[in-house]
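Undergrad: With the sequence up front, the predicted model follows.
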Amino acid sequence: MRPPGWQPRLIALDIDGTTVHEKNPPSPRVLAAVREIGRHAVVTLCTGRTVLGVGHVLDQLELGGRPATGRYADRFVDTEHTTVCSNGAVVLDTGSREVRYAIRFEPGPVVAAVREALPGAVFGCEEVGVGQRVGAPFPDGILAGRVRVVDEAELLGEPTPKVVAYWPHGTPAEVAERMADVEVPGAEVSLDHEMPWVSMVPEGVSKASALAEVARVLGVAQGDVLAVGDGDNDRAMLRWAGLGVAMGQAPPEVKADADEVTGTVEEDGLAAVLERYL
C-alpha cells in the first residue's frame with residue numbers, strides 16, 4: 001500500500017506498446033508527459049530492443065543523461081542515467097550511449113531446445129553494438145544494425161546476451177502453446193503477443209533484475225519505483241516495482257501481474273499514468 005501523496009522517484013518505461021505504437025514516434029501527449037516527469041524523477045527505458053534500437057527514442061524523449069531538476073536535483077547526477085536493453089541483459093549509459101555491461105550466455109543449448117519445439121524457426125544472436133548474426137534471413141526491418149547470415153558453427157560459436165527466434169509457420173498463440181512446457185536450459189524466456197517470436201536471455205536476467213540494480217545505484221527503494229509495460233517480458237518488472245501498471249491492450253496474464261491497468265497505447269495510457277504525478 002502506497003502512502004497518501006506517494007510520488008515515484010524512478011520510473012521504468014517499456015518502449016514498444018507503451019511509449020510508442022508500432023513504428024510511430026511517441027504521441028505529443030506522451031512526449032510531453034515523459035519530458036515533464038523527467039524534471040522531477042529519473043526515467044529509465046526498459047526494453048527488449050538492442051542498444052542499436054533505442055537511440056532515436058531516447059532522442060525523441062530527450063533522455064540524454066541530463067541531471068534531474070526539482071525535488072530530486074540533489075540526489076541524481078548524469079552518470080546515473082541508464083537504459084535497460086535486451087530484456088535486462090545489456091545496460092546502456094543514456095548520456096554517452098556506451099554499454100555499461102552485458103551479461104552473456106552460450107546460445108547452443110537454447111537454440112537446440114527451441115528448435116525442437118518450433119521446427120523451422122529462424123534464430124538470431126545479438127552482437128552488442130553491432131547487430132545480429134542469424135542462421136537464415138529474418139523479415140526486413142525486424143532487426144536493428146548489421147545482420148549477417150552465418151553457418152551454424154558461427155551462429156553458436158560466441159556467447160551472446162540475447163537469442164531471438166522467429167517462427168514463420170505459426171501465430172503467437174501457437175508459439176505460446178508449443179513453448180508452454182519447454183525447458184530452455186540456462187535461459188529466461190519471453191514470448192511476443194503480436195508476433196511469433198521468442199526472446200531468451202541468461203537465467204536470472206530480466207528487466208526486473210536490471211531495474212533493481214539501477215535502483216540500487218541510485219539509492220531508490222523498491223517501493224519508490226513505478227514501472228509501465230504491456231508484454232510478457234514486462235511481467236517480472238511489473239511485479240517487482242512499487243507500482244506496476246499494465247497497458248490496456250496487454251494480455252490478461254500481464255494485467256494480472258500489475259497493480260493496476262491504464263488505457264491502451266492508442267489511448268495514451270502511459271500519459272494518463274504519468275500525468276497523475278505532475
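TA: Okay, I see it.
Undergrad: Could you list the low-pLDDT ranges of the stretch 101-250 of the chain?
TA: By pLDDT under 70, the stretch 101-250 of the chain contains no weakly predicted segment.
Undergrad: ok, and Ser199, which helix or strand is that part of?
TA: strand 197-202 (DSSP states H and E).
Undergrad: One more: Phe123?
TA: When elements are assigned from DSSP H and E, Phe123 belongs to strand 122-127.
Undergrad: to the chain's geometric centre, what's the distance from that strand?
TA: The offset between the C-alpha centroid of strand 122-127 and the centroid of the whole chain comes to 17 Å, using CA atoms, centre = their mean, to the nearest Å.
Undergrad: on contacts alone, who are the packing partners of it?
TA: The criterion is 3 or more CB pairs under 8 Å, 6 or more residues apart in numbering; DSSP states H and E, and the helices and strands that strand 122-127 contacts are helix 108-117, strand 131-134, strand 163-166. No exception for glycine: its C-beta is placed from N, CA and C like everyone else's.
Undergrad: any idea which of those is most buried?
TA: Using mean count of other CB atoms under 10 Å, the stretch among those with the largest mean neighbour count is strand 163-166, at a mean of 24.
Undergrad: Parallel or antiparallel, list what pairs with that one.
TA: Pairing partners of strand 163-166, with direction, according to DSSP bridges: strand 122-127 (antiparallel), strand 197-202 (antiparallel).
Undergrad: List the buried residues of the helix or strand following the last one.
TA: Heading C-terminal from strand 197-202, the first helix or strand you meet, by DSSP H and E, is helix 207-218. Of the residues in helix 207-218, those buried under the neighbour-count criterion (16 or more other CB atoms under 10 Å) are 207-215, 218.
Undergrad: Kindly report the same for stretch 254-262.
TA: With the criterion 16+ other CB under 10 Å, stretch 254-262 contains buried residues 254-255, 257-258, 261-262.
Undergrad: Mind picking the two most distant members of these?
TA: By the measure CB to CB, Asp257 and Thr262 form the most distant pair in those, at 14.2 Å.
Undergrad: hang on, the earlier thing: please work out which residues outside the strand holding Ser199 touch it.
TA: When contacts are defined by CB atoms under 8 Å, 6 or more residues apart in numbering, strand 197-202 is touched by residues 48, 86-89, 103-105, 110, 114, 118, 121, 161-167, 172, 175, 179, 184, 186-192, 233.
Undergrad: how many degrees apart are that strand and helix 108-117 in direction?
TA: Inter-element angle recorded for strand 197-202 and helix 108-117: 150 degrees (by axes from the mean of the first three to the mean of the last three CA atoms, to 10 degrees).
Undergrad: quick one, strand 197-202 and helix 207-218 angle?
TA: Computed by the same axes, to 10 degrees, the angle between strand 197-202 and helix 207-218 is 50 degrees.
Undergrad: so how far is strand 197-202 off the chain centroid?
TA: From the chain centre to the centre of strand 197-202 is a distance of 12 Å (CA atoms, centre = their mean).
Undergrad: and that strand, C-alpha only, in PDB?
TA: In PDB, the C-alpha atoms belonging to strand 197-202 read as follows (Å, rounded to 0.1, in the frame of the first residue of the first chain):
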ATOM      1  CA  TRP A 197       8.600 -14.500 -31.600                       C
ATOM      2  CA  VAL A 198      10.600 -15.900 -28.700                       C
ATOM      3  CA  SER A 199      13.300 -14.000 -26.800                       C
ATOM      4  CA  MET A 200      15.900 -15.600 -24.400                       C
ATOM      5  CA  VAL A 201      18.400 -14.100 -22.100                       C
ATOM      6  CA  PRO A 202      20.600 -15.600 -19.400                       C
END
